[in-house]
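**Student:** please find the sequence and the predicted model below.
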Amino acid sequence: MPAPEPSASASPSSARRPHAPARDRYDAVIVGGGHNGLVAAAYLARAGQSVLVLERLDTTGGAAISTRPFAGVDARLSRYSYLVSLLPQKIVRDLGLDFAVRKRTVSSYTPALRDGRPTGLLVGGDRTRESFAALTGGEREYAAWQRFYAMTQRVAERVFPTLTEPLPDREALRARIDDADAWRALFEEPIGVAVERNFTDDLVRGVVLTDALIGTFADAHDASLLQNRCFLYHVIGGGTGDWDVPVGGMGALTDALARAAREAGADIRVRHEATRIETDGRAAEVTVRTPDGEHTVAAHRVLVNASPQALAALLGETPPQPAEGAQLKVNMLLTRLPRLRDRSVDPRQAFAGTFHIAEGYWQLADAYREAAAGRLPTAPPSEIYCHSLTDPSILGPDLAARGYQTLTLFGLHTPARLFAADNETARATLLKATLAELDAHLEEPITDCLALDENGEPCIEAKTPLDLERDLRLPGGHIFHRDLSFPYADEGAGRWGVETAHANVLLCGAGAVRGGGVSGVPGHNAAMAALEAS
């Protein structure tokens, strides 16, 4: 772990500055130094407000961090969050962030077996049309793909700018989209209807559906439309739906945010845990636990960059029922990329984008049914990408020169309930089955490619929802804090989607309306709500 204060997120210049003078009253206290809290802190401090950020860990960043998870190995992995799509350039420009992303040369590769022959679908670059034709035997699926994603891009261009504006109501957003067919497909009917209406090939259907299931436990035809909400957030990012690689790893973003907040005058305190908030709606007091004991801090307003459950606990209120996380996160370091059974594609192409595993349409449905029945999926669906192919800066010079690569795997349909009885055993069983599904498309087991740490142990780590609950205090291990919402105002949502029952307490974490993912949107919106009320 990086050393405590000043945190590893501080820039060299801000680390040399003397600590801000202690004070007992602030315009705003922000509970939680994750990326949304840092966004809010930077905006408020730049507006001239006195701001204190309280972070219980010994560094800022929350789930959007880069770490060296393998002993003695110089590879900084984006340990939890790993790609960027929903971060508006508006936030990057407003805060003057020294942060960049790179486009992936390939969107996705999905291996398959057709008539006993290894093949696959490569999307991205100039081979997409050819790959569709080779897989499906004609032009129909490619044409349908072009039409479908032209529709989602039109929606993205209209919806994404609204994320940093006051919440529109449902009808206002519908009018802004101005496409009855798109509205029906994305906001009214289960996404499975649109997938089945537009596509006929099982593999192509599965590739489309995966965006509706990342971190979300739902069936394609779930009446709740939870899968639609997840799909929407996965295709609107930046107005294009692109998922980009953060240069330097995800920690580069939160380091830049911490620098921006400090340079604007925010006081960031690590190893300072908020344990209680008392408010009368006009003024608040926050009880803080530090290594030296407890004290209270007064504030005009409190912004909470934590889950709705944590917010309720801080206020002494009854917490909402936590949502349930449903993902397996695996980080690996390889000495080389594995060879593929599909000889038509280079591994450097296949792993540069999202590599889909066991994600055919009916495979996804079967995995969901098994998990809903309380069993680990027999063929666990997952997807992988290789950060270091696009951005080798996360590897030490020696590792990069020797051709080492990182792999990040994200497993679907693994709800927290499946790990409740014995997390250790279930994790090991699921990891073995997941890697076996990957190995089915490789000429060599992935374990043969794993690097070893300084203790001779393979460089691989797996995190279940229960591990994320323990490590990051995510209720139920849910990566979005709670089920995603459509980006419009429902009853009680407030003007910005961050308001609570207390006039001077705002929710600026992923559990806010339009939260989830590495976006900074809840932090921006909470800051806007705070400034409007000042």
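**Tutor:** Everything's here; your move.

**Student:** for the record, mean pLDDT for the top helix by length along the chain?
**Tutor:** Using DSSP state H, we find that the single longest helix of the chain is helix 140-159. Averaged across helix 140-159, pLDDT comes to 98.

**Student:** give me the phi and psi for residue 498.
**Tutor:** Backbone torsions for residue 498, taken as degrees, to the nearest 10, come to phi -120, psi 0.

**Student:** and what of the one 4 residues further on?
**Tutor:** Residue 502 adopts backbone torsions of phi -110, psi 130, taken as degrees, to the nearest 10.

**Student:** show me the contacts for it.
**Tutor:** By CB atoms under 8 Å, 6 or more residues apart in numbering, residue 502 lies in contact with 279, 281, 315. For every residue, glycine as well, the C-beta is placed using N, CA and C.

**Student:** if you set the cut-off to 6 Å instead, what comes out?
**Tutor:** 279, 281 (CB atoms under 6 Å, 6 or more residues apart in numbering).

**Student:** and it, what's its pLDDT?
**Tutor:** Per-residue confidence (pLDDT) for residue 502: 97.

**Student:** give the buried residues for stretch 526-534.
**Tutor:** For stretch 526-534, the buried set under the neighbour-count rule, 16 or more other CB atoms under 10 Å, comprises 526, 527, 528, 529, 530.

**Student:** now the last one: which helix or strand?
**Tutor:** What it means is residue 530. Residue 530 belongs to helix 521-533 when assigned by DSSP states H and E.

**Student:** what sits up against that helix?
**Tutor:** Residues outside helix 521-533 that contact it (CB under 6 Å, 6+ apart): 36, 39-40, 43-44, 47, 91, 163-164, 301, 303, 496, 498, 506, 508-509, 512, 514-515.

**Student:** can you give me the strands for the stretch 151-300 of the chain?
**Tutor:** Under the criterion DSSP state E, counting those that start in this stretch, the stretch 151-300 of the chain contains strands at 245-246, 267-270, 273-279, 284-290, 293-304.

**Student:** for residue 167, give me its contacts.
**Tutor:** Contacts for residue 167 (CB under 6 Å, 6+ apart) come out as 489, 493, 497.

**Student:** can you pick the most crowded of these?
**Tutor:** residue 497 (24 neighbours; other CB atoms under 10 Å).

**Student:** and stretch 156-171, how far out from the chain middle?
**Tutor:** 20 Å (CA atoms, centre = their mean, to the nearest Å).

**Student:** what about it, start to end distance?
**Tutor:** From its first residue to its last, stretch 156-171 covers 17 Å (CA to CA, to the nearest Å).

**Student:** okay, the residue nearest to residue 248 when sequence neighbours are not counted and residue 245: tell me how far apart.
**Tutor:** Leaving out its chain neighbours, the residue that sits closest to residue 248 by CB to CB, 6 or more residues apart in numbering is residue 393, at 5.6 Å. As judged by CB to CB, to the nearest Å, residue 393 and residue 245 stand 10 Å apart.

**Student:** higher neighbour count, the two?
**Tutor:** Neighbours per residue, other CB under 10 Å: of residue 393 and residue 245, the larger number sits with residue 245, 25 against 15.

**Student:** which residues does the longest helix of the chain contact?
**Tutor:** With CB under 6 Å, 6+ apart as the contact definition, helix 140-159 has outside contacts at 129, 132, 176-177, 182, 198-199, 201, 204, 235-236, 239, 241.

**Student:** same list (those) but as a markdown table, adding neighbour count and pLDDT.
**Tutor:** Conversion of the contacts of helix 140-159 to a markdown table gives the following (neighbours: other CB atoms under 10 Å; pLDDT from 0 to 100):
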| residue | neighbour count | pLDDT |
| --- | --- | --- |
| 129 | 13 | 96 |
| 132 | 24 | 97 |
| 176 | 15 | 98 |
| 177 | 18 | 98 |
| 182 | 17 | 98 |
| 198 | 17 | 98 |
| 199 | 22 | 98 |
| 201 | 21 | 98 |
| 204 | 26 | 98 |
| 235 | 25 | 97 |
| 236 | 25 | 97 |
| 239 | 17 | 96 |
| 241 | 19 | 94 |
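
**Student:** what about the helices in the stretch 201-350 of the chain?
**Tutor:** With helices called from DSSP state H, counting those that start in this stretch, the stretch 201-350 of the chain shows them at 202-210, 226-235, 250-263, 308-315, 347-350.

**Student:** which one of those is the most hemmed in?
**Tutor:** Burial of those is given as mean neighbour count (mean count of other CB atoms under 10 Å); helix 250-263 ranks first at a mean of 27.

**Student:** in what helix or strand does residue 468 lie?
**Tutor:** Going by DSSP H and E, residue 468 is part of helix 465-472.

**Student:** buried residues, that helix. List them.
**Tutor:** 465, 466, 467, 468, 469, 472.

**Student:** residues making contact with the helix or strand following that helix?
**Tutor:** Heading C-terminal from helix 465-472, the first helix or strand you meet, by DSSP H and E, is strand 505-507. With contact meaning CB under 6 Å, 6+ apart, strand 505-507 is reached by 279, 302, 303, 304, 311, 498, 500, 526, 529.

**Student:** name the nearest residue to the last one, sequence neighbours excluded.
**Tutor:** When you say that, I think you mean residue 529. residue 496 (4.3 Å).

**Student:** so what's that neighbour up against?
**Tutor:** 166, 525, 529.

**Student:** out of those residues, who's nearest residue 216?
**Tutor:** Taking CB to CB as the measure, residue 525 is the one of the contacts of residue 496 closest to residue 216, at 22.1 Å.

**Student:** give me the distance between the closest one and residue 96.
**Tutor:** 19 Å.

**Student:** likewise for residue 166?
**Tutor:** Distance of residue 166 to residue 96, given as CB to CB: 24 Å.
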